[in-house]
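J.: Dropping a prediction and its sequence here:
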Amino acid sequence: MINSQTNSNPFQDVSSGGARPGSVQNMLTLFGRAAIKTDVFNIEQSVPPLRCTLDNVRIDVNHLKAYQALLGFKRLEVLPATYLNMLAFPSALMIMTDSRFPMKAMGQVHLGNRVSVHKCFPLTSCIRLSTSVVGTEITASGAEWTLQMSAEIDGEVVWSSTSKMLHRCNTGVPRRPVEDIFRSESPEIWSLDGGLGRRYAKVSGDFNPIHLSTMSAKAFGFKSAIAHGMWSKARCLVALEEELPDQGYSVAANFRKPLFLPSDVMFHRGKQNNRTFFSLFNSSGQLAHLDGYITEDIDNA
């Protein structure tokens, strides 16, 4: 269990600016700020330890139901592991649009995410959501920086999340070997339509143009709209919903190649070494969009 009272990082607080989960107008304003954010980063610096906190957050039951319905979750009494990641997203945008954040807000690549469900709690609880930058690493692809999120109730961490982000730039660092990605013998086939990104944006508040339409995605170098990474991860959890415990588990996922919309994908699942593995490939099986695993332990990083 994370002890929220002991943190050696010298965080620099970012004002929440009144950001509230579920506010479409607020999110559109933040994306407007993100669109004009400039890049002053160089590889000799680290992203400063910025932190943004949203206090007194309460889950809107109607919003939760809309999220569960969109993804297809059937256990409506259980909070999906990915839901709080979405509620904390405004605080991540507040950090990336802060003047002390040295990179462009648009164009940051979400490489991977791990969520940990520490403890079940009543949906009526008052939640404190915190998002912090906790480290920077220079790799072959650029500067990888880490966002850590946590949800506290009465001072106790009940949920946490770690996301690895990438700022693309030349570094001269050698590339690492690519690990094998899990596949099963009989994958499921999912057909995804072109409007998926827009529907998820309305619920999640993530109106990044690369997810909304072919026209808006082309402005950022993509041939068509791409699915949100956290939608892909959550959709995999829907397929594995009956295998998930209520608490005391973690779900890690790596986001590989963009999942263009519309498209058909192959979902793989299986168990190895007490872990449940899953992956998404394109219809030909040549490109992996996502891979991950579920484990019954908690990430204390």
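T.: Received the coordinates, thanks. Numbers count the residues shown, from 1 in each chain.
J.: how many neighbours does residue 80 have?
T.: For residue 80, the count of nearby residues is 22 (other C-beta atoms under 10 Å). Quick note: C-beta positions are derived from backbone N, CA and C, even for glycine.
J.: Might one say that it is in contact with residue 67?
T.: Yes - counting by C-beta atoms under 8 Å, residue 80 does reach residue 67; the two are 7.2 Å apart.
J.: in this structure, which spans are strands?
T.: Along the chain, counting by DSSP state E, strands occupy 12-14, 50-57, 109-117, 127-138, 142-153, 156-168, 188-192, 249-255, 263-272, 275-282, 288-295.
J.: among those, which gets the worst mean confidence?
T.: Ranked by mean pLDDT, the strands of the chain bottom out at strand 12-14, with a mean of 89.
J.: tell me, what's touching residue 80 and residue 67 both at once?
T.: Taking C-beta atoms under 8 Å, 6 or more residues apart in numbering as the contact rule, residue 80 and residue 67 both touch residue 73.
J.: re the thing from before, I'd like the strands of the chain laid out as a markdown table, including mean neighbour count and distance to residue 103.
T.: As requested, these are exported to a markdown table (neighbours: other C-beta atoms under 10 Å; distance: least, C-beta to C-beta, whole Å):
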| stretch | mean neighbour count | distance to residue 103 |
| --- | --- | --- |
| strand 12-14 | 16 | 14 |
| strand 50-57 | 18 | 12 |
| strand 109-117 | 21 | 11 |
| strand 127-138 | 20 | 10 |
| strand 142-153 | 21 | 8 |
| strand 156-168 | 20 | 5 |
| strand 188-192 | 13 | 30 |
| strand 249-255 | 22 | 18 |
| strand 263-272 | 16 | 30 |
| strand 275-282 | 21 | 28 |
| strand 288-295 | 21 | 24 |
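J.: could you dump those to TSV with distance to residue 224?
T.: Formatted as TSV, these follow (distance: least, C-beta to C-beta, whole Å):
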stretch	distance to residue 224
strand 12-14	34
strand 50-57	32
strand 109-117	17
strand 127-138	30
strand 142-153	24
strand 156-168	20
strand 188-192	12
strand 249-255	17
strand 263-272	9
strand 275-282	13
strand 288-295	14
